[in-house]
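> build the 3D model from these lines:
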Amino acid sequence: MAYGLRTELGSPSDMGYHQPGTGTVYLHCAMCARPFRTFRYRLREGAKFCSMRCCWAAQRAFTKALADGRLELILAEERERAKRAAMC
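Modelled structure (predicted):
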């Protein structure tokens, strides 16, 4: 009976639901620059690293740069933008 119900309602694409792009995409890791394969739907989630090891290494590098003050130029622009947005 479930099959009959399915044909009465139509397919999911008829109801406005579209599956995310199928297939894979090759990207370059932000940390080690090696190519890695990911699914298209993961692009919305921000696939940037080939492995958890590279992700953790990037987090450590960012934390050290933040503690040393090397990110002040980048963060200063974002702070100003946030202040202007809060004033409006």
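> C-alpha only now, for contacts and for neighbours.
Fine.
> where does the protein dip in pLDDT?
1-22, 88 (pLDDT under 70).
> buried ones in the helix or strand in which Ala76 is found?
Assigned by DSSP states H and E, Ala76 belongs to helix 72-87. By neighbour count with 16 or more other C-alpha atoms under 10 Å, helix 72-87 contains no buried residues.
> number of residues surrounding Cys50?
20 (other C-alpha atoms under 10 Å).
> do Phe49 as well
So Phe49, with other C-alpha under 10 Å, has 22 neighbours.
> contacting residues around the nearest residue to it once chain neighbours are set aside?
Nearest residue to Phe49, sequence neighbours excluded (C-alpha to C-alpha, 6 or more residues apart in numbering): Cys29, at 4.6 Å. Residues near Cys29 by C-alpha atoms under 8 Å, 6 or more residues apart in numbering: 35-36, 48-50.
> do that again at 6 Å, thanks
Residues near Cys29 by C-alpha atoms under 6 Å, 6 or more residues apart in numbering: 48-50.
> so which of those residues comes closest to Leu75?
Lys48 (20.8 Å; C-alpha to C-alpha).
> which helix or strand contains the closest one?
Using DSSP H and E, no helix or strand contains Lys48.
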